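**Q** Predicted coordinates and the sequence they were generated for:
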Amino acid sequence: MKKFLSAAVSAAMAVTSVLPFAGTASAADDTKNIVVLGDSIASGYGLSKSEHNYGELLGDYYGTETANYAVSGAETGDLIGKLEKPSEDIAASIKNADCVVVSIGGNDMIHYASSYLLNICANINVLKSGYTSKDVPEDPTLGDVINLVDIDALKAYALDNPIPMTNTVQMLRAHIVEKDNGERDCLIQKKVMPNIEKIYSDIKSLNPEAQVVYQTLYDPLQFDAVYYNKAYTGTTKTVMNMLKSVSAAIVESYNTQLSEAQLGDTLIADIYADFTSLDENGGKYSWYFTKMQEDRAEMDFHPTQAGHVAIAAKVIETIGTRKGAGKLISDTFNSLPAKESYPAAALATYNKVTADASSTLGDPNNDGKVDAKDASFILVEYSKLSTGEKSELTAAEKEAADVNGDKFIDAKDASAVLGYYAYISTGGTKTIAEYLGL
């Protein structure tokens, strides 16, 4: 039996080099050259070396390498500078790209808000001992706010001055989100969106045919209710409630104005919708995709591995799914330590793109073609099963390998695949199910 199986596998593999190539993939399944541009979210900041950023997941899914030029801390103006005077690598990658995915804009608002808050804290003398307004960086981050502000002093000030504190926070919100107000900075309208439009035009000037995909922002200040009520109490909770309100308003304004911007044929991947994942009780889940609840001192809002899977799935859904896609996204999802708690909206998107990519009948190796490689794949599995080894195939792969539908994976299935491959290689147009009369 073992000699027969070995010979059969060898014969099936030999057929690959004899018969002409014939595929069953549609034009929609064509490989896409992908470029990722943007900030720390796109760069994969915070991931370990063994984890995968969403650019890598996209590349594997579409069967191509992803050129990722994202830089942590980048603002919209930084990306414009990169595109107006591109390096040879960036210019060549964009000119060859089918799709350019952009994550940008968040740092413009983070740096603005951090600068605003630090200068206010300096003015009301609640910086840590030894620090003054001269120590406030030119483009501060939330990390600078955490490192420079004396939280106890700020809480005491807020307790003694609740109205001025509330007014300060609401003024920050107004400067960022309001439109057409000469008394406000109107940051999103007057700076961020013009830059977003300029980035789009710069990409198109390098490659008019490239499909540009912009991502919406997610709201990092969404917490699990039980955690939030336990972690934040008294004045701390009052201050955080104000910040949560401002964060929600900023994200909503950015996403709304992004949808209204002059961006031609740009596609919008609504990351906010999947990260929020509203449940029947109104719960919001961006905390699941970040480390905001892992360390209150750090409050890292960057996507974890679960977050990168969710972003990749949403971008794939936006661009279009592909039969015979790579399996890195599903392998990565299956390795998540708490995938049983994966939020509903993001899970629906993930299930859709992986189901759309799953193996079709006669294509258990999931490469989008039914050919002699699939026959070899089936015979190798048959060999394992015949010698008592445990199958390691997924349910989709087993279903695709059981070509004749008799609930067994054996040489009959491999023979059926080879027969069909010979048929389409000589001009046949039927599906494998039609060819076999199933």
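**A** Cool, the structure landed. Numbering: from 1, shown residues only.

**Q** Spit out the contact partners of residue 335.
**A** residue 305 (C-beta atoms under 8 Å, 6 or more residues apart in numbering). C-betas here are computed from N, CA, C, even on glycine.

**Q** Which strand or helix spans the closest residue to residue 381 other than its chain neighbours?
**A** Counting by C-beta to C-beta, 6 or more residues apart in numbering, residue 381 lies nearest to residue 409, which is 5.3 Å off, once chain neighbours are set aside. Assessed by DSSP states H and E, residue 409 sits outside every helix and strand.

**Q** Hmm, residue 402 and residue 409 touching each other?
**A** Yes - between residue 409 and residue 402 there is a contact at 5.6 Å, judged by C-beta atoms under 8 Å.

**Q** quick one: which of the two has more around it?
**A** residue 409 (26 against 19; other C-beta atoms under 10 Å).

**Q** what kind of secondary structure is the residue nearest the centre of the chain in?
**A** For the chain, residue 311 is the residue whose C-alpha lies nearest the centre (C-alpha atoms, centre = their mean; 1.9 Å). Following DSSP: H, G, I helix; E, B strand; the rest coil, we place residue 311 in the helix state.

**Q** For stretch 75-84, report the contacting residues that lie outside it.
**A** By C-beta under 8 Å, 6+ apart, the residues outside stretch 75-84 that reach it are 37-39, 69, 71, 90, 102, 104-105, 107-108, 111, 139, 191-192, 195-196, 198-199, 202-203, 206.

**Q** no wait, stretch 265-285
**A** Contacts of stretch 265-285 (C-beta under 8 Å, 6+ apart): 101, 200, 211-219, 222, 224-225, 251, 255, 258-259, 286, 288-289, 307, 310-311, 313-315, 317-319, 343-346, 349.

**Q** Please flag which of those sit within helices.
**A** The helices, defined by DSSP state H, take in 200, 225, 251, 255, 258-259, 307, 310-311, 313-315, 317-319, 344-346, 349 from the contacts of stretch 265-285.

**Q** Lowest-scoring secondary structure element of the chain by mean pLDDT?
**A** helix 2-18 (a mean of 43; mean pLDDT, DSSP states H and E).

**Q** shouldn't residue 133 be in contact with residue 124?
**A** No - the pair residue 133 / residue 124 is not scored as a contact, 11.1 Å apart, by C-beta under 8 Å.

**Q** In terms of packing, which of these two has more residues around it?
**A** Neighbours were counted for residue 133 and for residue 124 using other C-beta under 10 Å; residue 124 has more, 15 against 11.

**Q** Skipping its backbone neighbours, what lies nearest the more buried one in space?
**A** With C-beta to C-beta, 6+ apart as the criterion, residue 124 has its nearest non-adjacent residue at 5.7 Å, and that residue is residue 157.

**Q** okay, the helix or strand harbouring that neighbour in CSV with CA atoms only?
**A** Element membership of residue 157 [criterion: DSSP H and E] is helix 151-160. Taking Å, rounded to 0.1, in the frame of the first residue of the first chain, the C-alpha atoms of helix 151-160 are listed here in CSV:
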residue,chain,number,x,y,z
ILE,A,151,-1.8,63.5,38.6
ASP,A,152,-2.5,64.1,42.3
ALA,A,153,-2.1,67.8,41.9
LEU,A,154,-4.3,67.8,38.8
LYS,A,155,-7.0,65.9,40.7
ALA,A,156,-6.8,68.4,43.5
TYR,A,157,-7.1,71.3,41.1
ALA,A,158,-10.1,69.7,39.4
LEU,A,159,-11.8,69.1,42.7
ASP,A,160,-11.4,72.7,43.8
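
**Q** circling back: need the buried ones from the contacts of stretch 75-84 selected in PyMOL.
**A** Applying 16 or more other C-beta atoms under 10 Å to those leaves a buried subset, and the PyMOL line that selects it is:
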select buried, resi 37+38+39+69+71+90+102+104+105+107+108+111+191+192+195+196+198+199+202+203+206
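
**Q** now the stretch 1-150 of the chain, which segments are flagged as low pLDDT?
**A** In the predicted model of the stretch 1-150 of the chain, residues 1-32 satisfy pLDDT under 70.

**Q** all strands of it, in order?
**A** 34-38, 66-68, 99-103 (DSSP state E, counting those that start in this stretch).

**Q** Just the terminal-to-terminal distance for stretch 178-192.
**A** End-to-end span of stretch 178-192 (C-alpha to C-alpha, to the nearest Å): 13 Å.

**Q** What lies in contact with that stretch?
**A** 76, 105, 108-109, 112, 174-177, 250, 253-254, 257.

**Q** I'd like these as JSON lines, with distance to residue 236 appended.
**A** Formatted as JSON lines, the contacts of stretch 178-192 follow (distance: C-beta to C-beta, whole Å):
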{"residue": "76", "distance to residue 236": "33"}
{"residue": "105", "distance to residue 236": "29"}
{"residue": "108", "distance to residue 236": "28"}
{"residue": "109", "distance to residue 236": "23"}
{"residue": "112", "distance to residue 236": "24"}
{"residue": "174", "distance to residue 236": "24"}
{"residue": "175", "distance to residue 236": "24"}
{"residue": "176", "distance to residue 236": "23"}
{"residue": "177", "distance to residue 236": "24"}
{"residue": "250", "distance to residue 236": "21"}
{"residue": "253", "distance to residue 236": "26"}
{"residue": "254", "distance to residue 236": "27"}
{"residue": "257", "distance to residue 236": "32"}
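
**Q** And the residues you listed, which two are furthest apart?
**A** Taking C-beta to C-beta as the measure, the contacts of stretch 178-192 span a maximum distance of 20.6 Å, between 76 and 174.

**Q** Neighbour count for the two, which is higher?
**A** Legend: neighbour count by other C-beta under 10 Å for residue 76 and residue 174, higher for residue 76 (24 against 16).

**Q** Can you tell me how far the more buried one is from residue 243?
**A** 23 Å (C-beta to C-beta, to the nearest Å).

**Q** And for residue 219?
**A** Remark: distance between residue 219 and residue 243 (C-beta to C-beta) = 11 Å.

**Q** Mind checking which of those two has more residues around it?
**A** Shown here are residue 219 and residue 243; by other C-beta under 10 Å, residue 219 has more neighbours (19 against 16).

**Q** ok, the residue lying closest to that one once chain neighbours are set aside - contacts?
**A** With C-beta to C-beta, 6+ apart as the criterion, residue 219 has its nearest non-adjacent residue at 4.4 Å, and that residue is residue 251. By C-beta under 8 Å, 6+ apart, the contact set of residue 251 is 217-219, 272.

**Q** No further queries at this time; thank you.
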